[in-house]
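Trainee: coords below, sequence missing:
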């Protein structure tokens, strides 16, 4: 096979199996962190649709530890707001819906379902609390990446916030459970771009990658 | 506005601003964890294109700590293979290209570039090593979620591996730097579905989400 044939093969694979670049840009390059939303609700059905899509993304051993608290009621918002950084409180009170993104430290209890080819694989985690904390945290952050993309692919805008008292949120909403708060996402339909801030730069490939 | 008008608005926003469901399915529902690749290379230009797209995904304070080691040479693979779990070694030796996904604990050194509206914000992190370790880890896992989606959107298949000796990989490739290994991704053009394993289930919405 000549180099030219090979480049043709690669171009064909890229085109037939991939997503067109305009679509990929829509969820990455064009989408912004949104602080300003239209006064239009986000139905539960749409959140479910997004979850039903992004839950298929890969995690270690298919452990899938991501958990979501959908904060929709006035009372729910008022319970959440004191635990986020002061400059984020108004956003939590105003967003069409806010998701507390959490991880389940007891993810191993679902492994009989999630790992059907090795249904007892969860048992080995029972006495490994620290390993579960680390693994559940890493993999739920990974899934949060899928979630941000999935929300944007549904046309929604996302305002992620990590300036918060995670332990406070856990105490408020997750007492007696093994869910642990990682971040909060305000979600809604962006008003215009949803932000007035200029796009901040990113690192170039040569700053972020090396080759061996 | 009537409920019916509102539902029309939501449908219009979903359709005009979102990505069609077939396309979203391509990167989530249809894509599998790939172990078997076509004998077709993955050019550096395509990896750069993927990075140039996914680097725009949001991170806390735009810290963007994801770093990639592209393992392409025979020598590079042979250095990496002993540090992954035994059942993964042949895959590292055989994949068209393998990415070591890492995080940069010294991400704060780039904040003058990355946070132009607060160019000195990195200085506060200089003496907070433990906070940087945690924050860089969380946010690089988040970016790994964007990366998996971006590779799939380029038509590529991904075989993520977390069964590895991260400290061993760090010693082999990142000695004297602040890059820390999180996971390894085999990358290439899937041979068919790239796997013979039946699709494992995921948790239902009602198992993974609560509402307040």
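Mentor: On my side now, so go ahead. On a predicted model such as this, the values are computed, not experimentally measured, just so you know.
Trainee: My read is that residue A:158 contacts residue A:189, right?
Mentor: No - judged on CB atoms under 8 Å, residue A:158 makes no contact with residue A:189 at a distance of 11.2 Å. For glycine as for every other residue, the C-beta is placed from the backbone atoms N, C-alpha and C.
Trainee: Closest approach to chain B from chain A, which residue is it?
Mentor: residue A:145 (1.6 Å; CB to the nearest CB).
Trainee: number of nearby residues for residue A:50?
Mentor: Other residues near residue A:50 come to 26 when the count uses other CB atoms under 10 Å in any protein chain shown.
Trainee: likewise residue A:127?
Mentor: What residue A:127 shows, counting by other CB under 10 Å, is a neighbour count of 8.
Trainee: How about the one 5 residues further on?
Mentor: Residue A:132 sits with 22 neighbouring residues when counted by other CB under 10 Å.
Trainee: show me the contacts for the nearest residue to residue A:87 once chain neighbours are set aside.
Mentor: Take residue A:87 and drop its neighbours on the chain: the residue closest to it by CB to CB, 6 or more residues apart in numbering or on different chains is residue A:163, 7.4 Å away. Each residue near residue A:163 by CB atoms under 8 Å, 6 or more residues apart in numbering or on different chains is listed here: A:84-85, A:87-88.
Trainee: Neighbour-wise, give me the winner out of those residues.
Mentor: residue A:84 (24 neighbours).
Trainee: quick one: pLDDT of the closest residue to it other than its chain neighbours?
Mentor: The shortest distance from residue A:84 to any non-neighbouring residue, by CB to CB, 6+ apart, is to residue A:164 (4.3 Å). At residue A:164, the model reports a pLDDT of 96.
Trainee: how many neighbours does residue A:164 have?
Mentor: Neighbours of residue A:164 (other CB under 10 Å): 19.
Trainee: cool, residue A:129 as well?
Mentor: The burial count for residue A:129: 12, using other CB under 10 Å.
Trainee: swap in residue A:121?
Mentor: As a burial measure, residue A:121 scores 16 neighbours (other CB under 10 Å).
Trainee: what do you get for the one 3 residues further on?
Mentor: Using other CB under 10 Å, residue A:124 has 12 other residues around it.
Trainee: residue ranges of the helices in chain A, please?
Mentor: A:3-17, A:21-27, A:44-54, A:74-80, A:89-94, A:111-114, A:129-153, A:166-173, A:205-208 (DSSP state H).
Trainee: Most tightly packed of the ones you listed?
Mentor: For these, the largest average neighbour count (mean count of other CB atoms under 10 Å in any protein chain shown) is found in helix A:129-153, namely a mean of 23.
Trainee: Show me the shaky parts of chain A.
Mentor: A:1 (pLDDT under 70).
Trainee: out of all of them, which strand in it is the longest?
Mentor: Counting by DSSP state E, the longest strand found in chain A is strand A:179-188.
Trainee: from memory residue A:71 sits against residue B:209, does it?
Mentor: No - taking contacts as CB under 8 Å, residue A:71 lies outside contact range of residue B:209: 11.3 Å.
Trainee: Who has more neighbours out of the two?
Mentor: Relative neighbour count places residue A:71 above the other of residue A:71 and residue B:209, with 25 against 19, counting by other CB under 10 Å.
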